[in-house]
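J.: Build me a model:
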Amino acid sequence: MKRTAALTLLAGLLAAPSPASATPFAATRSDTLSTAPSAATRSDTLSTAPSAATRSDAVSTAPSPVAPAAPSTGSACAGYVGLTFDDGPTGGNTAALLAALKRAGLRATMFNTGQNVDADPGLAKAQVRAGMWLGNHSWDHPFMTQLTETEQSTQITRTQDAIARVTGVRPELFRPPYLDTDDALRAVERRFGLTEINTDVDSRDWDGASVDQIVAAAGQLTDGDVILLHDWPPNTVAAIPRIAATLRHNRLCSGRISAVTGRAVAPGTRALAGVHTAGRVEDRGTGARHTWPGVYFEGRVRGGSVGIVLDDAVNDYELRIDDRPPVNLVTPGRTTHWVRDLGPGVHTVRVAKRTESPWSPGLFGGFVAGAGGAVLTAPAARTRQIEFIGDSWTAGYGNTSTVRDCSATGGIDRNTNADQSFGALTARSLNADYQLNAWSGRGMVRNYDGGDPGTDYRTYYPRTLQAADPAVWPRPRTWKPQVIVIGLGINDFSTPVHPGEPWPDETALAAAFTEAYQGFLEQLRERYGSRSHLVLTYPTLWNTTALADAVEQIAASGGPRVHALHYDLPLDLLGCDWHPSAADHQLLAGRLTAYLRTLPW
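T.: The predicted model follows:
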């Protein structure tokens, strides 16, 4: 394509409005987004990369595997920037690039294409040995928005699998080729736990930028910024020493890109540093992924302001600072939510997940202090621990609603607050850490109205992220609850058995329920030991006594540390869809708290 034609197409890109949600900082990045190369200009610049034939001799001269690069960090750092290199690994350039980065004391994120990793696995391994971080750049560099959802998923998963197979690293970051993205693609990325990374500064090395121009682009970087570079241009390799000198002059260091904020942070930054949590989370270093309702994070900060770093476009959170009234963060997206004017001194901060999202993990990125402040050591863990296992009652489904049909008042999510469920209230009354491992509609052997046959609550209980990832939660040795409160069975028995289900009648269902429940208790004993109290709770069902009969029978034969607790309470069930209301949860918490106080724990 002629240069004039390329400029005409690029002008069209500049005139087109970029999606509001293209990046977490769309307002400041729209100019860089609009400079994404067109298909024609991209193919022309790719053709200037060395061919496979000319690269073979370069591979033979590649240095031996380099040691991890010494990070450019220390007291001289006034901020961190993300150096990113797309399209690798390439036989003619990657080895030289890694050597240059090592000599300069820089670390970077390498956005690799799956087909290149598959073709040259040794170079991908060398990237990791050199201390670089790996990102996903699709399988073969297509315009992702022009693909079907299935094709997009294939591009992502093939690359994830190739990188993981070769290096043992499963990327957390995704950069769409040509910076071509939209909301539908970002939704696909989120399903695979990936954070999309665009750019703040485009070096234009893909467009034949000179060494001077590449270095000048790096000089535009400020704290947290990300620069777009490429693996294959020789000028980029030649610019590395001067980029390092420019960063040192500006008191900037090379950092890791946070999967929560998309911004560059210190390489050793950990989201859970200075944070106490008892919930099931997947610690990814710069972020902690979670799905189970009621997961909470607690911290202490000194100074007049605190930021809460989140990336979650699905869930709501309740934020509490000191004794101030709680603040509801509705689907915050990728953000740092700041609370200012706190006054001097030390402040406690707590954020808890209100809603359910079995298929969509949220990401917590830690607490940050404002200017002159500091995040202090984490609050101490509580001596008492309670694990709550259950369904929609335990999750707090629709509990803040005052009408049973809450469709006109925001629906289930806006009317749910797991942090005000009976479990959370009970734990706070007893000064206990807790987990709410609940899933609405799930039963011990049968889900509500026979739905989703072949699975039940037990299918997902062992997992860290419910339906989002089958990986089993690696229980820390510190989590050993003295009390486990189980509330399963409403969904098994609240609707009649339908023809075609595995149980011909309620009697057969009750027998299967009893056997499964007893087996589940044995699994809990194996997991936590025999000293934990197992409290089996149940309400009065309007249509049957089968649940009550089964729970009482199981408790009677379970031994001295298995207890049955009947919620025989005047509940109004004014929450969404006839669920317990906020007033009901107070009653349930009062009944449960009083009972737990009688146990020797």
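J.: Going by C-alpha atoms from here, please, whenever you check contacts or count neighbours.
T.: Will do.
J.: in the stretch 501-601 of the chain, which spans are helices?
T.: All helices of the stretch 501-601 of the chain, identified by DSSP state H, counting those that start in this stretch, fall at 506-528, 546-556, 582-596.
J.: Including mean pLDDT, could those go into JSON lines?
T.: Listed next are these as JSON lines, based on pLDDT from 0 to 100:
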{"stretch": "helix 506-528", "mean pLDDT": "98"}
{"stretch": "helix 546-556", "mean pLDDT": "98"}
{"stretch": "helix 582-596", "mean pLDDT": "98"}
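J.: Which among these is found nearest to Gly285?
T.: helix 506-528 (26.3 Å; C-alpha to C-alpha).
J.: list the buried ones in that closest one?
T.: For helix 506-528, the neighbour count (16 or more other C-alpha atoms under 10 Å) marks Leu509, Ala510, Ala512, Phe513, Thr514, Tyr517, Gln518, Leu521, Tyr528 as buried.
J.: Pick out whichever of those sits closest to Trp206.
T.: Closest to Trp206, out of all of the buried residues of helix 506-528 and judged by C-alpha to C-alpha, is Tyr528, at 56.2 Å.
J.: Was I right to think the closest one contacts Arg477?
T.: No - at 9.9 Å, Tyr528 does not count as touching Arg477 under the criterion of C-alpha atoms under 8 Å.
J.: how near is Gly91 to Val314?
T.: Going from Gly91 to Val314 by C-alpha to C-alpha, to the nearest Å gives 42 Å.
J.: make that Glu151, sorry
T.: Counting by C-alpha to C-alpha, the gap from Glu151 to Val314 is 24 Å.
J.: Return the member of the buried residues of helix 506-528 nearest to Ile214.
T.: Using C-alpha to C-alpha, Tyr528 comes nearest to Ile214 of the buried residues of helix 506-528, at 57.3 Å.
J.: secondary structure element for the nearest residue to that closest one once chain neighbours are set aside?
T.: Using C-alpha to C-alpha, 6 or more residues apart in numbering and skipping the chain neighbours, the partner closest in space to Tyr528 is Lys480 (5.8 Å). Here Lys480, judged by DSSP states H and E, is contained in no helix and no strand.
J.: So Lys480 is in contact with Gln385, correct?
T.: Yes - counting by C-alpha under 8 Å, Lys480 does reach Gln385; the two are 7.1 Å apart.
J.: Look at those two and report which has more neighbours.
T.: Taking neighbours as other C-alpha atoms under 10 Å, Lys480 and Gln385 compare with Gln385 leading, 22 against 18.
J.: The more buried one bridge partners, please.
T.: Beta-bridge partners recorded for Gln385 (DSSP bridges): Asp433.
J.: Let me know whether His566 touches Pro539 as I believe.
T.: Yes - proximity of His566 to Pro539 meets the contact threshold set by C-alpha under 8 Å, at 5.8 Å.
J.: Same drill for Gly91 and Val314, tell me which one is more crowded.
T.: Neighbours of Gly91 and Val314, each counted by other C-alpha under 10 Å, are more numerous for Gly91; the result is 26 against 16.
J.: where's that one relative to His347, distance?
T.: Gly91 is 53 Å from His347, by C-alpha to C-alpha.
J.: Give the helix, strand or coil label for Val368.
T.: With DSSP: H, G, I helix; E, B strand; the rest coil as the basis, Val368 sits in strand.
J.: ok, the nearest residue to it once chain neighbours are set aside - contacts?
T.: By the measure of C-alpha to C-alpha, 6+ apart, the closest residue to Val368 outside its immediate chain neighbours is Gly307, 4.9 Å from it. Shown in contact with Gly307 (C-alpha atoms under 8 Å, 6 or more residues apart in numbering): Thr336, His337, Trp338, Val339, Phe367, Val368, Ala369, Gly370.
J.: ok, of those residues, which one's closest to Leu228?
T.: Taking C-alpha to C-alpha as the measure, Thr336 is the one of the contacts of Gly307 closest to Leu228, at 23.5 Å.
J.: just for the stretch 1-150 of the chain, where's the confidence low?
T.: The stretch 1-150 of the chain contains residues with pLDDT under 70 at 1-75.
J.: quick one, phi/psi of Ala374?
T.: Ala374 has phi and psi values of phi -160, psi 150 when expressed as degrees, to the nearest 10.
J.: hang on, it packs against Gly304?
T.: No - between Ala374 and Gly304 there is no contact under C-alpha under 8 Å: 9.9 Å.
J.: Mutual contacts of the two, please.
T.: In terms of C-alpha under 8 Å, 6+ apart, Ala374 and Gly304 are not both contacted by any residue.
J.: about what we covered before: name the member of the contacts of Gly307 that has the highest neighbour count.
T.: Of all the contacts of Gly307, Phe367 has the most neighbours under the rule other C-alpha under 10 Å, reaching 29 neighbours.
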